[in-house]
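Novice: The sequence and its predicted three-dimensional model are supplied below.
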Amino acid sequence: MPLTKVFSFPTPDKVSLALDQFLTQASSEAIAQTGKFTIAFSGGSLPTSVAKYLKDNQTIDFSKWYVFWADERCVDYDNADSNYKLVKEEFLDKLSNKIPAAQIIPISESLVNDSEAAAADYQEQLVSVFGDQKTPVFDCILLGIGPDGHTCSLFPGFPQLNEKSKWVVHIDDSPKPPSSRITLTYPVVNNAKKVVFVVTGAGKSQTIKQIVDDKDDSKPATRVALPKGTVYWFVDDAAAQDLSVVKPSEFKL
Ligand SMILES: O=C(O)[C@H](O)[C@@H](O)[C@H](O)[C@H](O)COP(=O)(O)O
C-alpha cells in the first residue's frame, strides 16, 4: 500500500524550515547510499518555498546534487515564465556554484520552439544520469498542485496522463499558460523514492481534501502513488484546513 504522510505547519515559513530539515536528511541518506542526490523541481510557488532556508544550508554536500525539472515551460531561459530561471534565481544562484554546472540539467534552450524535440532531448538527459536500462529512480521529486489538481504539467483529462512508457512528454495546449511545456510522466514520478507536495494557502484546501481524503482520481495529483516510496505533503495549516486525516502534531521524519 503506497504510503502518504501529511505534515502541516502553522505558517509557510515553518513549511520552508521543515523542508530544509527534510532535504538535509534525504540528501545525506542518498549520498551515503549512491554517491549522489537526484532531485526534480516544479515551478510556480514551490521554488521560493523550498529555497527559503535550503539556499543557506551549510550541512548538505551540494556537490553531489543532480538538479532536474519535473516540468518546464518551452520558453527561453531569460523568460519570466521559465521554471529554470525561477529555480536559478531563487536557489541555484545563491549556492555560489556548489552544484557543478554539468549537474544542473534544464530543458535545452535551443529546442524550446519544438516541444516534442525538447521532451525527447530531456529524456536523453535523464538517460545520461540514470542510464537507459530502467526507469529513473529519483531520490526526490518536488511537486505543486493547481486548483484543478494538476501536478507537473499533467492536467485533468489530458492524454499525457495515459503515457506508460516515455519518461518525458510534451504538451502544446496546456490550460495553464504558457501552452507549450515538457513534463515528467507517471512512470517516472511514481518510481521515485520520495515525492514531496509543497502547498500553502487556503486557496488549495479543497483541492488537497479531494486528493488526500477523497482520493478523487480525476485529479492528476491523486494518481501520484509510490509503490516503492513515500508521498509527503508539506503544507501550512491554511492549506490543510479541510483535511480530515490525522496530521502529525509535529514533524518527524
Ligand atoms: O510549471 C508549472 O506550472 C508547475 O510545475 C505547476 O505544476 C505548479 O506546480 C502548479 O501549477 C502549482 O503552482 P502554484 O504553486 O504557483 O500554485
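Specialist: Sure thing, it's come through.
Novice: And the strands in the stretch 151-253 of the chain?
Specialist: Along the stretch 151-253 of the chain, counting by DSSP state E, counting those that start in this stretch, strands occupy 168-171, 181-184, 194-199, 230-236.
Novice: and the ones you listed as TSV, adding distance to Glu90?
Specialist: Using the backbone N, CA and C atoms, a C-beta is placed for each residue, glycine as well. What follows is these, written out as TSV (distance: least, C-beta to C-beta, whole Å):
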stretch	distance to Glu90
strand 168-171	23
strand 181-184	19
strand 194-199	13
strand 230-236	17
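Novice: show me the contacts for the residue in the stretch 51-200 of the chain that the ligand sits nearest to.
Specialist: Per C-beta to the nearest ligand atom, Gly144 is where the stretch 51-200 of the chain lies closest to the ligand, at 2.6 Å. Contact analysis of Gly144 by C-beta atoms under 8 Å, 6 or more residues apart in numbering lists 42-46, 151, 197-199.
Novice: Lys194 reaches Lys228, doesn't it?
Specialist: No: in this structure, Lys194 is not within contact of Lys228 by C-beta atoms under 8 Å, at 10.5 Å.
Novice: of the two, who's got more company?
Specialist: Neighbours per residue, other C-beta atoms under 10 Å: of Lys194 and Lys228, the larger number sits with Lys194, 20 against 10.
Novice: What sits closest to the more buried one if chain neighbours are left out?
Specialist: Of all residues beyond its chain neighbours, the one nearest Lys194 is Cys140 (4.6 Å), with distances taken as C-beta to C-beta, 6 or more residues apart in numbering.
Novice: contacting residues around that neighbour?
Specialist: Per C-beta under 8 Å, 6+ apart, neighbours of Cys140: 23, 26, 30, 37-40, 192-196.
Novice: And for Val195?
Specialist: Counting by C-beta under 8 Å, 6+ apart, Val195 touches 140-141, 143, 189, 224, 226, 229-232.
Novice: how about the residues of this protein near the ligand?
Specialist: Within reach of the ligand by C-beta under 6 Å from any ligand atom, the chain has these residues: 42-46, 71, 83, 144-146, 150-152, 176.
Novice: still on that earlier bit, can you put the contacts of Gly144 in JSON lines and add neighbour count and pLDDT?
Specialist: Output for those, formatted as JSON lines (neighbours: other C-beta atoms under 10 Å; pLDDT from 0 to 100):
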{"residue": "Ser42", "neighbour count": "28", "pLDDT": "98"}
{"residue": "Gly43", "neighbour count": "23", "pLDDT": "97"}
{"residue": "Gly44", "neighbour count": "17", "pLDDT": "96"}
{"residue": "Ser45", "neighbour count": "16", "pLDDT": "97"}
{"residue": "Leu46", "neighbour count": "25", "pLDDT": "98"}
{"residue": "Thr151", "neighbour count": "27", "pLDDT": "98"}
{"residue": "Phe197", "neighbour count": "26", "pLDDT": "98"}
{"residue": "Val198", "neighbour count": "27", "pLDDT": "98"}
{"residue": "Val199", "neighbour count": "27", "pLDDT": "97"}
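Novice: list the buried ones in stretch 230-250?
Specialist: Residues 231-240, 243, 247 are the ones in stretch 230-250 that count as buried (16 or more other C-beta atoms under 10 Å).
Novice: which outside residues touch it?
Specialist: By C-beta under 8 Å, 6+ apart, stretch 230-250 touches 2-12, 14-15, 18-19, 22, 193-202, 204-206, 208-209, 212-213, 224-225.
Novice: Mean confidence (pLDDT) on that stretch, please.
Specialist: Averaging pLDDT along stretch 230-250 yields 85.
Novice: got the CA positions of that stretch in PDB?
Specialist: Only the C-alpha atoms of stretch 230-250 are listed here, as PDB (Å, rounded to 0.1, in the frame of the first residue of the first chain):
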ATOM      1  CA  THR A 230       6.500   7.600   0.200                       C
ATOM      2  CA  VAL A 231       4.400  10.600  -0.800                       C
ATOM      3  CA  TYR A 232       4.800  13.500   1.600                       C
ATOM      4  CA  TRP A 233       2.700  16.600   1.900                       C
ATOM      5  CA  PHE A 234       4.400  19.700   3.400                       C
ATOM      6  CA  VAL A 235       1.500  22.100   3.900                       C
ATOM      7  CA  ASP A 236       0.600  25.000   6.000                       C
ATOM      8  CA  ASP A 237      -2.500  24.900   8.300                       C
ATOM      9  CA  ALA A 238      -4.400  27.100   5.900                       C
ATOM     10  CA  ALA A 239      -4.000  24.600   3.100                       C
ATOM     11  CA  ALA A 240      -4.800  21.700   5.400                       C
ATOM     12  CA  GLN A 241      -7.900  23.200   7.000                       C
ATOM     13  CA  ASP A 242     -10.300  20.900   5.100                       C
ATOM     14  CA  LEU A 243      -8.300  17.700   5.700                       C
ATOM     15  CA  SER A 244      -9.800  15.100   8.000                       C
ATOM     16  CA  VAL A 245      -6.700  12.900   8.000                       C
ATOM     17  CA  VAL A 246      -4.900  13.000  11.300                       C
ATOM     18  CA  LYS A 247      -1.900  15.300  10.900                       C
ATOM     19  CA  PRO A 248       1.100  14.600  13.000                       C
ATOM     20  CA  SER A 249       1.300  17.200  15.700                       C
ATOM     21  CA  GLU A 250       4.900  17.800  14.900                       C
END
